[in-house]
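# Fold the following for me, if possible:
(chains A and B)
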Amino acid sequence: MSVASVRKGDGMSVASATTGHALPVAGGRATAREVLRLSRGHRLRLAAVGVVGIVGTAVDLIPPVAIGYLVDRVRAGTADLGTVLTVTAVMVLSGVLGAVGTTVAIVHATRIYHTVLAALRERLVSRAMLLPQHLVERAGTGDLISRSSDDVTAVADAAPAVIPALTVTAFTVVVSLGGLAALEWPYAAAFAVVLPVYVLAMRWYLRTGPRVYRAERAAMSARAQQILESQRGHATVLGFGLAEHRHRAVMTNSWGVAVQSLRARTVQSMLNARLNLGECLSLAAVLVVGFVLVSHGSSTVGGATTAMLLVLRLLGPVNQLLFVIDTLQSALASLSRMIGVATIPTVDAAEATTPTGPTEPAAPTDPAAPATAVRLHEVAFRYADGPLVLDGIGLDIPAGQHLAIVGPSGAGKTTLAAVIAGVHRPDAGTVTRPCRTAVITQEVHVFAGTLRENLTLAAPDATDREIRAALDTTGAADLLDLSEGALDTVVGTGGHPLTEAQAQQLALARLLLADPELAILDEATAEAGSAHAERLDRASEAVLAGRTGIVIAHRLSQAATCDRIAVMEAGRVVETGAHDELLTAGGTYARLWAVWQDGQHISANR
Amino acid sequence: MSNSSRAPGADTAGLGRGPLTRWLPVLLQAPAPPREAPPYEAGAGITPGRFLLRVILSVKRVTVPAMLLAVVWQVGESAVPVVMGVAIDRALATGNAGQLVLWLGVLVALYVALTMAAKSANRLTSYAVQLVQHRLRSTLSTAVLHPVGGAARAPDGSVVSVMTSDVARLANGVLLVIMPVSRIAAIGFIAVSLLATHWLLGLVVLLGAPVAVWLMGVLSERLSRDTRAYQGLLATTVGRATDLVAGYRVVKGIRAEAEATRRYRQASQETLVGARRNAGLLGRFLAGSGAVTGTFVAAVMGLAGWFAVDGRLSIGELIAAVGLTQALLPQIQSIASVSIPNLAGARAASARVIDVLRGDGGGGPRQDDGTGAEVALLPVVEVAAPGVTIRVDPGEFVGVRADDRTAARLARALLYPRSCGEVEVRLDGLPARELTAQEYRSRVTVAPHRVTLFSGTIRDNLTVGAPELTDAALRAAACDDFAADLDLPVGEDGNRLSGGQRQRIALARALASDAPVLVLHDPTTAVDPVTEHAIAVRLRDVRADRATLLIASSPALLGRCDRVVDLSEDAPLHGRTVG
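Got it, this is the predicted structure:
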């Protein structure tokens, strides 16, 4: 699998790139290339931003020069009311024009920034959706979630600090230094002498700051985690009388943040002290240079005033730039994590959508064998370097047949379903399946949105009538009575809470709308309390009617209704046959059935 | 306080200090947590503003020194241009080297003073903010998240954002008595210095500065409102991405990648529109405030220039006036664009915190109003529902078979014995709502159906009871196959374990609590029948002389109970008790 090169970039991204299975992080050059590519179409505007920004900051230089001019005229005794009015008018005009110029630059830069970010985050999500599922499963969906949420937020939130710094502030430093050099070059030279103080301060800050800030952020997320767990597990906290215990955990983490925050602020004030040293030295340099120049007659008091005002004007932006470096750095780290996913080559991504992987030479809809929907030949699979989870599995499922897979925990049932569905690629053997295969896994997710949105996810063009019909078929019509909104009832995060059973009914209705050739139900009804089991069993049957089906069930009643049953043990299929045949055979299935019957029997007799 | 050691060559504080300074003590490094964090009162009738004031005033001991130091700092900053102006006038204009040395000394002294003051002010300020945050969190934690008696209703998700972001915003209100005060002091200093130069200049600043602050406040208000709206939009987009990725397997399972991407793109584009509008408003604010301050400063400078032409001001005074006016800018800008939004944000957060404190979830830290009656160490528990009373004696293992809704109602009544429902819980004949919460919880442990594991190791999750019981509990819950190493982390919300494993750990936790009365609600729904059978066999023994109430529909589990009370819809006789 060729994955975008995982290169050790700056300090921030190394941590995420070192774990072997994590999704790729773009290196510095790849990040730059992608940003450049995304900026295509905005280049003219970017150039305009540059020009307007430089002009705006240059206009901002006029007031100090005007003041210097006024000082010299007053000293020479040649100033009158007209001079004062002219100078004031020039200052007002240049002040307003300068403000407008820098504003235009910032506004346009901000808009370009957000447009590029939107394009990038959309690309990230669409690429993430197309990624081969085994890649994502290996990295964990948490990695993908943090990139599409935390990293997107980090880059967006950096905008107010980063954009003025990269446009106006940087221009101000350049233009002011340039102006100082042009008007009174010895002062600029004096300022250059102070530069090493700033360079040292910056190096110290980059060495110390990020570590301290990372610790602060880590403490904050640990604190949020504790609070979230107490809220989520409120019933557990209450039921076990853990209130005091949890309160202490939250408060310990709360003070942990306090300690880290104070450290971070300490580092900031240490940086401040270093910047103040730079300021003090710069101003002292202006005085000393001015003294020498004025006493030699090569500069005027007005010139010294201009230089002082220019240096004072420089100090703010220089400080701002240093303070922004840290934000800039972490935004860049987030950016390379986003780009790392967004630029995974499409070859890999496309492969995930086509049901035929490289190990599946047979065409999915092989006209030679129209009767066989699924064919597994000598399939073996292991997770990474672990032991074989599936071993020499051969299985033919004729079109329209319903196959149940049963067996004890850890027998490999879920893995087999995943291999058949194409989630995992077998290490050996071949898998053939229909093009339109759909799976319901144990994980039932209700999307935040309306019931309709949840259902049309699989069939965007479905009409309300079709949706209602699907809900009827799966016996989930009472979902419409949750609130007056019927199909517009908001469910999922922040919406109307659904029970496990309702969420599973919703998933089944969704599957029905997707209308696949092969439906794989992996313990889709296992989580429900058994009181609802019968209802969900009927819903599953309704969903499977008229198509090929694979059911992985813990409740053997569900298996008994299937056409054929495959019994798995330790990664192998040990028995196959119809329910009655297997009972007669007296093997593993018969034993499982006896245990199951035993339980039923007890309850039936009582 | 942990100061760095005096050993040279070791930067123990981890603050990147060189060998020259690392022996110095660091003020307020890793302070001990406050010994007590008394809750803030949010009684009826308190307004958000008053609550904010109460919070701000609660740390006077730290904020007052911080404020005084901040005044020194800000006035010092404003004095820099004055010192420079005087130095140019006295030293440069005259060519007097002695004056140059003198004023260089003054400049350095000024910087030393203002740097020291800034350092201490900043650190005291953040200490005050952290103290307030901690106390607010403690208040919310005891009143809403972990009320002693248990609230009538579980706190909803909003409590998480209130306890993180809103607490932080409200605590930032503390800054209001520090930074704006010091900035106003600095503006006052500038005005007085100008008054001393020429009364009219001072008057213009005294009258003009508040107007400029007000104008910029008006300009910034719309922007900060829109910024909050935009941040909401961004949160929605990010939330949608999280939601889609969290449902990744579902999307993949039904091949809905294209539709999912389309929906995300839609949300993302809406956010982009918001971001662009927000940038426009930012522009209006920047241009507006730039024009206001630029004009104001130019007017003051022009006036000073006229006085200089007129001879009423010396050159030195003109330069100082120019410097002072320039120093006015950042002070005005900062009050308008930092302090005013800070006040608005803190007030809004204060309102939300009060809402949560007063919400029907908590109702404030309610005092235990039990009668103080005591029940036996191993009480008899009775659950009285309409038409049936379920009685469990010590040492008995009673099953209840019920439909989902009834089961949930019973479990809820046992979890919240004080909520007024039609189910009543009694211990030794005493209604549970007359017992103190502590008394009730020390007798009755309820293991809810929905499993929550807390981040940490398996052991962390088990040792809510006595540690020596864990082995038996783990065996009874059939955890032997995966829980050999108890120091294995379970991951966030137990995500490193499978559904069945999570459920078995939760069952082991319940059994390890060795509670006098244990209520189990559908504890094995995600467990395969063979394992469930094993659990059913062992469960009875581990609860030998305790009372256990099992609400379940699994025949295997119910089959091992001493008695089963059948409340299900299809039971022949409603409320039939079978022995």
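# Which segments of chain B make up each domain?
For chain B, automatic domain parsing gives the domain ranges B:1-32, B:55-358, B:381-578.
# Please work out the average pLDDT along the second one.
Right, domain B:55-358. Computed over domain B:55-358, the mean pLDDT rounds to 84.
# Report the beta-bridge partner residues of the closest residue to residue A:588 other than its chain neighbours.
Leaving aside its sequence neighbours, residue A:588 sits nearest to residue A:567 (C-beta to C-beta, 6 or more residues apart in numbering or on different chains; 5.1 Å). No exception for glycine: its C-beta is placed from N, CA and C like everyone else's. Beta-bridge partners for residue A:567, by DSSP bridges, are residue A:406, residue A:575.
# And residue A:567, how far from residue A:460?
In this view, residue A:567 and residue A:460 are 39 Å apart by C-beta to C-beta, to the nearest Å.
# Neighbour count for the two, which is higher?
Comparing residue A:567 with residue A:460 by other C-beta atoms under 10 Å in any protein chain shown, the one with more neighbours is residue A:567, at 26 against 12.
# Please name the spatially closest residue to the spatially most central residue of chain B (chain neighbours excluded).
Compute the mean C-alpha point of chain B, and by C-alpha atoms, centre = their mean the closest residue is residue B:164, 2.1 Å away. Nearest residue to residue B:164 in three dimensions, chain neighbours excluded: residue A:224, at 5.2 Å (C-beta to C-beta, 6+ apart).
# Please identify the helix or strand for the one you found.
Taking DSSP states H and E as the definition, one finds residue A:224 inside helix A:185-232.
# Quick check: next helix or strand after that helix?
Downstream of helix A:185-232 (by DSSP H and E), the next one is helix A:234-239.
# just checking, what packs against that following helix?
helix B:404-415, strand B:444-447 (3 or more C-beta pairs under 8 Å, 6 or more residues apart in numbering or on different chains; DSSP states H and E).
# Let me know which of those is the nearest to residue B:385.
Residue B:385 sits nearest to helix B:404-415 of all these, at 6.8 Å, using C-beta to C-beta.
# Neighbouring strands - and their directions - for the helix or strand just after the closest one?
Toward the C-terminal end, the helix or strand that comes next after helix B:404-415 (DSSP H and E) is strand B:424-427. Paired strands of strand B:424-427, with direction, are strand B:381-385 (antiparallel), strand B:430-431 (antiparallel) (DSSP bridges).
# ok, back up a step: so what's the gap between the helix holding residue A:224 and the chain middle?
Averaging C-alpha coordinates over helix A:185-232 and over its chain gives two centres that are 24 Å apart (C-alpha atoms, centre = their mean, to the nearest Å).
# For it, which helices and strands make contact with it?
Applying 3+ C-beta pairs under 8 Å, 6+ apart, we find helix A:185-232 packed against helix A:170-183, helix A:243-295, helix A:301-342, helix B:158-161.
# and those as JSON lines, adding mean neighbour count?
Formatted as JSON lines, those follow (neighbours: other C-beta atoms under 10 Å in any protein chain shown):
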{"stretch": "helix A:170-183", "mean neighbour count": "20"}
{"stretch": "helix A:243-295", "mean neighbour count": "20"}
{"stretch": "helix A:301-342", "mean neighbour count": "22"}
{"stretch": "helix B:158-161", "mean neighbour count": "19"}
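# Flag whichever of those helices has the least confidence on average.
helix B:158-161 (a mean of 72).
# Just the residues contacting that helix, thanks.
Helix B:158-161 has contacts (C-beta atoms under 8 Å, 6 or more residues apart in numbering or on different chains) with A:224, A:227-228, A:231, B:140, B:144-145, B:356, B:361.
# Over to stretch A:450-468?
Counting by C-beta under 8 Å, 6+ apart, residues outside stretch A:450-468 touching it are A:438, A:446-447, A:470-471, A:477, A:479-480, A:482, A:485-492, A:506, A:509-511, A:513-515, B:251, B:254-256, B:259-260, B:262-263.
# ok, now with 6 Å
Identification of contacts with stretch A:450-468 by C-beta atoms under 6 Å, 6 or more residues apart in numbering or on different chains yields A:447, A:487-491, A:509-510, A:513-514, B:254, B:256, B:259.
# can you pick the most crowded of the residues you listed?
Highest neighbour count within those, by other C-beta under 10 Å: residue A:509, with 29 neighbours.
# ok, which residues in the stretch 51-200 of chain A are in contact with chain B?
A:67, A:70, A:74-75, A:79, A:84, A:88, A:91-92, A:95-96, A:99-100, A:103, A:107, A:110-111, A:114, A:118, A:121-122, A:125-126, A:129-130, A:133, A:141, A:144-145, A:148-149, A:152-153, A:156 (C-beta under 6 Å from any C-beta of the partner chain).
# In three-state terms, label residue B:219 for me.
Secondary structure assignment for residue B:219 (DSSP: H, G, I helix; E, B strand; the rest coil): helix.
# Can you name the residues that contact it?
By C-beta under 6 Å, 6+ apart, the residues touching residue B:219 are B:285, B:288-289.
# would you turn the residues you listed into CSV with neighbour count, secondary structure and distance to chain A?
Putting the contacts of residue B:219 into CSV (neighbours: other C-beta atoms under 10 Å in any protein chain shown; DSSP: H, G, I helix; E, B strand; the rest coil; distance: C-beta to the nearest C-beta, whole Å) gives the following:
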residue, neighbour count, secondary structure, distance to chain A
B:285, 22, helix, 9
B:288, 18, helix, 8
B:289, 23, helix, 8
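# Would you state the helices of the stretch 501-606 of chain A in chain order?
For the stretch 501-606 of chain A, the helices defined by DSSP state H, counting those that start in this stretch cover A:533-544, A:556-560, A:579-585, A:588-605.
# CSV for those, including distance to residue A:250 and mean neighbour count?
Shown next, in CSV, are the helices of the stretch 501-606 of chain A (distance: least, C-beta to C-beta, whole Å; neighbours: other C-beta atoms under 10 Å in any protein chain shown):
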stretch, distance to residue A:250, mean neighbour count
helix A:533-544, 38, 20
helix A:556-560, 43, 20
helix A:579-585, 53, 15
helix A:588-605, 42, 16
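# Least confident of those, on average?
Minimum mean pLDDT among the helices of the stretch 501-606 of chain A: helix A:588-605, a mean of 70.
# quick check, stretch B:255-267 touching chain A?
Yes - for stretch B:255-267 and chain A, the contact criterion (C-beta under 6 Å from any C-beta) is met by B:256-257, B:259-261, B:264-265.
# circling back to that earlier point, let me know the closest of the contacts of residue B:219 to residue B:134.
residue B:285 (34.3 Å).
# leaving aside the residues next to it on the chain, what's closest to that closest one?
residue B:223 (4.5 Å).
# can you check residue A:38 too?
Per C-beta to C-beta, 6+ apart, closest to residue A:38 is residue A:116, 4.8 Å.
# To what extent is residue B:459 buried, counted in neighbours?
15.
# Buried ones in the host helix or strand of residue B:439, by neighbour count?
Assigned by DSSP H and E, residue B:439 belongs to helix B:437-443. Buried positions in helix B:437-443, judged by neighbour count with 16 or more other C-beta atoms under 10 Å in any protein chain shown: B:437, B:439-441, B:443.
# which of these sit farthest apart?
Taking C-beta to C-beta, no two of those sit farther apart than B:437 and B:443, at 11.2 Å.
# domain ranges for chain A?
Split by automatic domain parsing, chain A gives A:22-184+A:328-353, A:185-298, A:372-605.
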